[in-house]
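>>> Take this sequence and fold it.
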Amino acid sequence: MFQWEAAKTATTGKGVFTSHLLAALVAFTVTFLVYSPTLRSGFVWDDAHTIKESLVFDKSNPYSFLFSGGTYYRPAVFLTFYLDRALWGTQPQGFHLSNVLLHSFNALLVYAIWAYLPYCAPGTRTLPSGGLEQSGQGLEPLDRRVEPLGQKFVPRLSTILPPLAASLFFSLHPVNSEAVAWISGRTDVLATFFFLLAFFCILVYEVEKKDAILFCVFVLSLFSMMSKENGASFVILFLCYASSAGWDGKKLVKGIYFVVAAVVVYVLLRIGAGSVPDLFSTSGGKSFFYPGMTRLSVVQSMVYATGYYVGKLLVPTNLNLLPQFTGNPANVLFYLVLLLAAAMLYLKRRRWELFFVAWVAVTLLPSLLIAFSGVAYPVGERYMYLPSVGYAFLLSFALFSNVKVKTASVLSFLLILSFGFCLAGRIGVWQNELALWASAANGNPASATARTNYGVALLMAKDYVKAEKELNAALIIDVDGYVQLSILYDALANVAIVNADSKSTGKENRGIENSQMGQNRLELAEKYLYLSIKTDPNNIDAYNNLGCLYIQKSGRLSGERKKEKEELLLASLRVFNHALSIDPGSLKIKFNMGISYLKLNDTGNAIKTFTSVVEADPGSEEAHRILSEAMNVKKGGY
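You can find the predicted model right below:
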């Protein structure tokens with residue numbers, strides 16, 4: 001019998017099911033409304049690359065997305081992005097809507113799990129005050145505590161408030177703003193969606209005892225891993241739950257069979273896709289772990305990163321996209337708090353509080369590996385999305401099992417309000433590139449990455465003076481890795497190119513001087529672009545800008561220097577062709593290549609190139625316009 005039916009038959013009416021359903025819908029609606037401002041936000045950070053450049057679907061082989069990937073293997077996320085693009089094109093609002101809906105459904109699932117858990121968890125009983133208490137006497141389902149209201153029976157508020165509080169603790173926690181407000185953060189939201197569904201199925205299996213439900217666990221946990229690698233922590237969390245719930249040997253073996261089978265299938269899919277990272281590269285290539293790390297550095301990174309995450313769950317203030325987490329003694333203190341709390345709960349045999357702490361620790365473990373790897377920034381708010389579910393459970397359980405329901409309700413309400421207030425500010429940060437990187441740079445001025453990206457955002461906003469200042473400041477900081485240094489050189493080149501177009505030197509009648517200064521700035525830009533490419537030979541943006549620079553330099557030459565103009569345009573084509581050998585699907589490279597062909601009066605190749613751009617992106621009005629003009633061109637340059 002399904003749980004909601006069990007809840008209804010545990011009482012004398014349908015009030016229990018209806019009340020829980022309405023409360024769950026309240027959690028869903030509140031979550032959606034609070035995050036609705038993100039629907040006005042645009043693409044930020046690497047969203048544009050993820051959505052506009054990398055989202056290529058091979059129509060000749062509809063299953064190809066299952067067997068392609070690099071360091072990250074996340075085909076489920078790719079599929080949702082592709083469906084969004086089919087529905088919304090390249091408009092960011094539709095992508096944000098999907099993120100907000102997924103997050104709202106996750107809030108609903110947190111409610112359902114917390115409301116259902118008492119039916120499956122031995123060692124818990126209800127208190128007359130409406131709170132919860134652990135004992136060795138088994139479980140009395142919360143929904144059996146009812147009071148008459150006219151001719152109907154409805155559950156007390158004390159049976160609805162704990163799951164509702166847990167749901168809102170999770171959905172409105174400020175640390176989750178990054179995963180939801182950032183389109184590319186969907187990896188964590190989607191992985192958690194399947195993770196929670198799989199865990200809910202485990203609870204249902206305890207009531208139903210049907211193997212078909214374990215097969216659902218297999219499928220859902222597999223999809224969680226195919227959304228993000230953190231989904232693999234489901235195996236360990238399942239073992240923790242089975243131990244807390246007292247599963248017998250036969251049932252435990254059966255459950256292990258299905259969850260381990262999901263991991264095996266996932267690993268085989270990754271191998272088939274060639275998506276197995278090089279953990280310790282000895283050939284000079286990029287490895288997952290830092291090649292020079294020591295045992296001491298690993299321990300230090302783990303302690304500081306864990307303490308940072310625990311601290312932000314407990315005190316979600318001063319959040320930052322690129323925080324400074326090492327060397328902060330507070331992070332060591334928070335790490336010790338986690339260890340002491342786990343030890344005390346274990347000694348007191350508070351099995352469910354200990355399970356919720358295990359939820360936080362186990363689901364955080366895969367993200368802790370990033371702290372000493374070279375594939376991403378060591379820490380990030382989005383990594384706390386799944387662990388924050390365990391924290392929400394723990395917080396709700398602690399409040400409603402230790403104080404009277406009225407006091408717990410008031411405290412929960414105040415805490416939810418404070419979360420919502422902080423969350424509103426964080427959502428605004430993700431509105432656009434300028435706001436995002438201004439917050440990151442101001443919060444961590446010692447981060448070259450934050451200041452570089454802030455400089456790029458200022459460049460896009462045409463605040464060239466401030467952009468140059470930020471980029472030069474980043475240049476004297478220890479830049480985080482060769483990729484970021486390459487981006488910095490590319491951005492400085494863009495500043496020089498913009499300055500080359502400046503019409504005034506502050507003096508009148510100095511046209512020749514202006515021209516010479518412009519030429520000098522273009523030469524400086526070229527040097528920066530060569531440095532960018534030398535630092536990172538796979539930086540497509542640097543190749544694109546170098547090719548465009550050659551086009552710009554050719555345009556500054558007079559008509560008498562036709563041969564020099566042609567050589568520069570041919571050089572731009574060589575650069576673009578090399579870029580396409582790195583990224584064959586880059587539309588911006590193809591677009592600019594078409595411009596070079598037009599300027600060389602090679603109308604045939606120009607039409608061919610722009611046709612490929614239009615076919616890949618039918619919504620590109622500029623490509624359509626230039627293609628139409630190219631078809632009408634018979635002679636002469638563009």
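>>> CA atoms for contacts and neighbours, from now on please.
Noted.
>>> Can you read off the pLDDT for the spatially most central residue of the chain?
Closest to where the C-alpha atoms of the chain average out (CA atoms, centre = their mean) is Gly185, at 1.9 Å. The score at Gly185 is 89. That number is its pLDDT.
>>> what sits against Ile551?
Leu568, Leu569, Ser572, Ser596 (CA atoms under 8 Å, 6 or more residues apart in numbering).
>>> Touching, the residue nearest to the centre of the chain and Gly380? I think so.
No - assessed by CA atoms under 8 Å, Gly185 is found out of contact with Gly380, at 10.6 Å.
>>> Please enumerate residues in contact with the host helix or strand of Ile427?
According to DSSP states H and E, Ile427 maps onto helix 405-429. Residues outside helix 405-429 that contact it (CA under 8 Å, 6+ apart) are 34-35, 37-38, 129-131, 158, 161, 165, 168-169, 172-174, 177, 181, 317, 396, 399-400, 435-436, 439.
>>> Just the buried subset of these, written out for ChimeraX, thanks.
A single ChimeraX command selects the buried members of these (16 or more other CA atoms under 10 Å):
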select :34,35,37,38,130,131,158,161,165,168,169,172,173,174,177,181,396,399,400,436,439
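>>> Please flag which of the contacts of helix 405-429 sit within helices.
With helices taken from DSSP state H, the overlap with these comprises 34-35, 158, 161, 165, 168-169, 177, 181, 396, 399-400, 435-436, 439.
>>> Just say helix, strand or coil for Phe325.
coil (DSSP: H, G, I helix; E, B strand; the rest coil).
>>> cool, Thr452 as well?
Per three-state DSSP, the local secondary structure of Thr452 is helix.
>>> Let me know the distance separating it from Pro445.
Here the criterion is CA to CA, to the nearest Å. By it, Thr452 lies 11 Å from Pro445.
>>> The two: which has the busier surroundings?
Between Thr452 and Pro445, counting by other CA atoms under 10 Å, Thr452 is the more crowded of the two (29 against 18).
>>> Got phi/psi on Leu600?
phi -90, psi 0 (degrees, to the nearest 10).
>>> what's the answer for Trp182, then?
phi -100, psi 120.
>>> quick one, strands of this protein?
Secondary structure of the chain by DSSP state E: the strands cover 124-126, 132-134, 146-149, 152-155.
>>> Burial check on the closest residue to Leu338 other than its chain neighbours, number of neighbours?
Distances taken as CA to CA, 6 or more residues apart in numbering place Val310 nearest to Leu338, at 7.4 Å, with adjacent residues excluded. Residues lying near Val310 (other CA under 10 Å) number 26.
>>> Give me the distance between Val310 and Leu369.
16 Å.
>>> Show me which helix runs longest in this structure.
helix 92-120.
>>> quick one: that one to chain centroid distance?
For helix 92-120, the separation from the chain centroid amounts to 16 Å (computed by CA atoms, centre = their mean, to the nearest Å).
>>> average model confidence for it?
Averaging pLDDT along helix 92-120 gives 90.
>>> Name the residues that touch stretch 194-211?
With CA under 8 Å, 6+ apart as the test, stretch 194-211 has contacts from 1-3, 106, 109-110, 112-113, 116-117, 120, 213-214, 216-218, 220-221, 223-224, 231, 234, 238.
>>> which residues of the stretch 201-350 of the chain score low on pLDDT?
275-293 (pLDDT under 70).
>>> can we see that at 80?
Scanning the stretch 201-350 of the chain for pLDDT under 80 picks out 208, 272-301, 324-328.
>>> Packing partners of the longest helix of the chain?
Counting contacts by 3 or more CA pairs under 8 Å, 6 or more residues apart in numbering; DSSP states H and E, helix 92-120 packs against helix 15-35, helix 75-88, helix 157-171, helix 177-181, helix 186-208.
>>> Could you give the number of residues near Lys608?
When neighbours are defined as other CA under 10 Å, Lys608 has 12 of them.
>>> Now do it, the pLDDT please.
The model reports Lys608 with a pLDDT of 88.
>>> how near is it to Leu573?
14 Å.
>>> Please apply the same query to Met631.
Applying CA to CA, the value for Met631 to Leu573 is 20 Å.
>>> Among the two, which residue is more densely surrounded?
Between Met631 and Leu573, Leu573 has the larger neighbour count (other CA under 10 Å), namely 24 against 12.
>>> Excluding covalently adjacent residues, which one is nearest to that one?
In space, Leu573 comes closest to Met593 once its chain neighbours are excluded; the distance is 6.2 Å by CA to CA, 6+ apart.
>>> hmm, back to that, same list (the helices and strands packed on helix 92-120) but as TSV, adding distance to Val267.
Putting the helices and strands packed on helix 92-120 into TSV (distance: least, CA to CA, whole Å) gives the following:
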stretch	distance to Val267
helix 15-35	34
helix 75-88	13
helix 157-171	30
helix 177-181	25
helix 186-208	16
